[in-house]
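In: only geometry, no sequence info:
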């Protein structure tokens, strides 16, 4: 007990640093997975909430018939992001809940159909049906 009391500050610092290192490694691994195995789909922004770090857009999307939910801190993009807006998403084929939101280019109204397992490339024109 004396050891813990005497070294509490060091234990807290080591724990905090370990947590930071873990988060950095996890983020790096997630980015690597997403770049290696990804497809594109469309998500719909359902709600915009205020939060301490800035507004958060909550969106849903389908991959192979399963509904997923994600969120995005929109910060300075808050004026450009609206509820019911459709946005492109890059998702990991191994872990479909791992996504990257693509706000530009905007999704055009002419895109009515999204393949169940997404597109291999981001659709950039109005010819996709």
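Out: Nice, thanks for sending it over. Predicted, not measured: the structure shown is a model, and the values here were computed from it. Numbering: from 1, shown residues only.
In: contacting residues around the one helix or strand in the chain whose mean pLDDT sits lowest?
Out: Lowest on mean pLDDT, DSSP states H and E among the helices and strands of the chain sits helix 2-6, with a mean of 72. The contact list for helix 2-6 (C-beta atoms under 8 Å, 6 or more residues apart in numbering) reads residue 11. From N, CA and C alone the C-beta is placed, and that goes for glycine too.
In: so after that helix, what's the next helix or strand?
Out: Counting by DSSP states H and E, the next helix or strand C-terminal to helix 2-6 is helix 8-36.
In: Give me the buried positions along that next one.
Out: residue 34 (16 or more other C-beta atoms under 10 Å).
In: Tell me how far it lies from the chain's centre.
Out: Using C-alpha atoms, centre = their mean, to the nearest Å, the distance from the centre of helix 8-36 to the centre of the chain it belongs to is 18 Å.
In: just checking, next helix/strand downstream of it?
Out: strand 38-49.
In: list the buried ones in that following strand?
Out: Buried residues in strand 38-49, counted by 16+ other C-beta under 10 Å: 38, 39, 40, 41, 42, 43, 45, 48.
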